[in-house]
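Chemist: Below is the sequence, then the predicted model.
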Amino acid sequence: MSKIRRLLLAVLWLALIDVFVPPIVRRAEERRYESGAVYRFENSDLFALGPMVRYLREHPRGPRRRALFLGNSVIFGYGLETRDALPAQFEKLAGDTRVFNAAVNGAENGDSDLVGKAVIDSVDTLYVQLVRHDAARPILGMLIPVDDADARRFLLRRPDRIEATLQSLLGRVWRLYAFNDRLQAAFFGTSTRQYVYLHKRDLLLAMIGRTPRIPPETPHGALAVSLSARRDGSVLPRALLDLADVAKSHRKRLVILDFQRRTAAAAFNAAYAPYAEIVTIDVPPALLYDNMHLTAAGAEAVAAALLAHERERAP
Amino acid sequence: MIFTELRFVLLFILCWMTFFAVPRRWRGATLAAFGIVFYAMFAGPAIAVVLLLALAAYVRAPVALFVIVLIVAKAPLDAWVVPLGLSYLTFELIHVVIERRRGRIQEMSFDDLLAFAFFAPARVAGPIKRFPQFRAAVADAELSAADVYAGVLRILLGLAKKFILADVLALTVAESDYAASMRQAWIVVLAFGLQLFLDFSAYSDIAIGFARTLGIRLPENFNWPYLAANIREFWERWHITLSQWVRDYVFTPLGRALFGTRLRPHPKAIATISYLVTFAIVGAWHGLELRFVLWGLYHGALLAIFHVWRQYVPVRDSRPLRALGIAMTFVLVTIGWVPFFLPMEKATHMWALMFGVGR
C-alpha cells in the first residue's frame, strides 16, 4: 500500500505545483518579452520561436511600440554578443521601442513570411532581411500557426491531429505540461538543454563560487551606412511579396532590408507606400568582418541609419 | 521520442487496463492487438512487412525470413517499408525459428508470436527478448502496486537520462564538425560515448519500466558498462541482450563448427575467427555500412587479443589493476566509437586529431 500512497502523493504534489504555474509563466514571460533586456534566440535555435509567437498573439499590445526583426545570421548577429547585434542596437537607439530579434542563422524568405504573418497583428513594424531563397523550414508548421495554403506551398510538416488533440486535452488539466516550453523559453530564451550547454562554463564557475566572464565592451564605429531605393534589379521574391500584401491589408509597416542590392525597390515602394518599403543598404567593407556579417560597429551604423530613415519618413 | 507521445501513453494505458481485465488466456491476443495498433499508428504500412516476417517465423521458413529482411534492409532508409525496430525484430524472430528447430519451443500459437513480435515497449529499441521467458512472464503477470511503482520510477529514470543528460551531451557531440584540436576531439568523442550509453540505456529503462507496470520483467540491457575492467566484461555489461544473442546463435555454433575442422588443434585461432566473424555481424547489425563493420571488427580484434593474452598472463585481482583495466577498457572503447558516429572520412580525421597527427 505504501507504493500506492507514494504514487498518489506524487500526483498531489504535481497538482499543487500546477496551481502556481500560470502566475509563474505570466511573470517570467513579462520579464522576457516586455523588459528592457535584449531579446534574441539563444544560439540561434528555433525552440523559443513557438512560445514567442504564442505570447505575441495572446498579447497584441505591449507597454511600448514593437518591432520584429527577421532574417538570417546577418540580422541574428552571428559572431556578435546579443547586445551588439543590429536589433539590439536599434532598440538602444530608438529608446521607445521593444525589439524582438527573431532572426535565425540560415533562415530564408519563406521563414520570414510565415513568422511575420503569424504575428502581424501584434507588432508595429517588421524589419525583414531579403535573402536568396524563398524556402521555409518544414518544422515551422509544427511550431507556429500556418494556414493550409502555406503548409502546401512550403511543404511544411504538420502536427499529428490525434497527438495535437490529446496534447490540448491534457494541457487543459495539467498546466505544467501545457506551459513547459513557454516556461523554458521565458526563463532561458531557449530550451533548458541548450541553455545548460551554452552556459556550462559559467554554470560550473558559479557552482565553485567563481565569477563568470563578462565580455568586454565593443568599440563604437565612426563609419556610416547609406540607405537607398534602387530603380533596377529583380522583382521581390514571392514570399516577401506575400508578406508585403499582408502588411498592407493589416495596415502594418514592413521594411525589407536588401543588403545585396538585388531588387528593384523604387517601383515596389511606390506601389506599397506607406506600408511596405524596400531599403537598399550599402555597408562599407570596413563594417563587415567576413564580407557578409556585420561587425558591432556595422550593426550600430545600420541601426542608426534605419532609425533615421523611419524618423524622416514619419517625424 | 515515441514513448513521450500521448498517443503511445494513451494506447498503453488502454492496453494495461485490458491486459488485467481479460482472462489470462487472452493476454497474448490483447498484447498482439494493441501492439498491432501501436505499430500501425507509428510505422504505417510497414506493419505488412512485420506481419510477413512473423508469418515466416511461424511457419518455420528461415529462408523467407532472410529474404524479407534482406529486401527491407537494402531499401532506402526513409522508405515506408523499413519497419520500426527492424534489427531487433529480426534477431527475435531468428531466435524463435532456431529454438523451434532445436525443439526448445514446443508449442506456439500465432497470437503468442504476434504478442512477442509486436510488444510495443520493446519494439522501438529493444531489449532483445527471448520467447519462452516472455511467454511465461505474460502468463504469470500479476497486477501489483509494487510493479507499477517500480515501472513508473524506471520510466522516469529513463526520461531523465534521455532528456537531462543525453540530449545535453548530444549538443557537444554536434560540435564534431568544428573540432580542430586534440582537446576538442577527445571532448567530442568522450561526449558521444557517454551520450550513446545514456540515450540507449534510457530507451531500455523506459521499455523495461513500461513492461514492469504490466508485471512483465524484460531482460536488462546495461550494467554500468564503463566500469568493465576488460573488453570481455564490457560486452557482458553493454547491450547485454545483443551480446547474449550473438553468443548463443553465432559465436558458440561457429566455434563448435570450427572445432570440427582442421583448426581443431588451434583453439586460439578458432576463438579469433569466431570473435571476428561474430562482431563483424554485430557491426553490420547496427547498419549495413563499412564503418559499422569496421567498428565490429575492432571489438572482435580486441576480444581476440584479450582472449589470447589471458592464456599467457595469469589473472591477478587487485584494486589498482582493476582501476587500470577500467581506464584502459574505457579508452579503447571510446576510440572505437569514432566510426560509429562519424562517416569514415570524418572518422579518420577525428582519430588523427585525437592522436595529434591531424589539424
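Modeler: Structure's in. What do you need?

Chemist: Give the buried residues for the longest helix seen in chain B.
Modeler: Secondary structure of chain B read by DSSP state H shows that its longest helix is helix B:182-213. Counting neighbours by 16 or more other CB atoms under 10 Å in any protein chain shown, one finds that the buried residues in helix B:182-213 are B:182, B:184-186, B:188-213. All C-beta spots, glycine's among them, are computed from the backbone N, C-alpha and C.

Chemist: What is that helix packed up against?
Modeler: The contact analysis (3 or more CB pairs under 8 Å, 6 or more residues apart in numbering or on different chains; DSSP states H and E) places helix B:182-213 against helix B:120-123, helix B:145-160, helix B:167-173, helix B:319-336, helix B:338-341, helix B:344-354.

Chemist: Tell me what angle that helix forms with helix B:344-354.
Modeler: Computed by axes from the mean of the first three to the mean of the last three CA atoms, to 10 degrees, the angle separating helix B:182-213 from helix B:344-354 equals 120 degrees.

Chemist: Would you mind identifying the next helix or strand past helix B:182-213?
Modeler: Next in sequence after helix B:182-213, counting helices and strands by DSSP states H and E, comes helix B:231-237.

Chemist: residues touching residue A:119, list them.
Modeler: Residue A:119 makes contacts with A:53, A:56-57, A:68, as judged by CB atoms under 8 Å, 6 or more residues apart in numbering or on different chains.

Chemist: Phi first, then psi, for it.
Modeler: phi -120, psi 10 (degrees, to the nearest 10).

Chemist: And for residue A:66?
Modeler: phi -120, psi 140.

Chemist: hmm, back to that, can you state the direction angle for the longest helix of chain B and helix B:319-336?
Modeler: Comparing the axes of helix B:182-213 and helix B:319-336 via the same axes, to 10 degrees yields an angle of 100 degrees.

Chemist: For helix B:182-213, give the mean pLDDT please.
Modeler: Averaged over helix B:182-213, pLDDT sits at 94.

Chemist: could you point out which element follows the lowest-mean-pLDDT helix or strand in chain A?
Modeler: None of the helices or strands of chain A scores lower by mean pLDDT, DSSP states H and E than strand A:226-228, at a mean of 70. Downstream of strand A:226-228, the first helix or strand assigned by DSSP H and E is helix A:238-249.

Chemist: near chain A, which residues of the stretch 101-250 of chain B show up?
Modeler: By CB under 8 Å from any CB of the partner chain, the residues of the stretch 101-250 of chain B that approach chain A are B:145-146, B:148-149, B:152, B:163-164, B:167-168, B:171-172.

Chemist: what number of residues lie near residue B:248?
Modeler: Using other CB atoms under 10 Å in any protein chain shown, residue B:248 is surrounded by 14 other residues.

Chemist: which one is it nearest to, not counting chain neighbours?
Modeler: In space, and not counting its chain neighbours, residue B:248 is closest to residue B:95: 8.0 Å by CB to CB, 6 or more residues apart in numbering or on different chains.

Chemist: My guess is the one you found contacts residue B:249. True?
Modeler: Yes - between residue B:95 and residue B:249 there is a contact under CB atoms under 8 Å: 6.8 Å.
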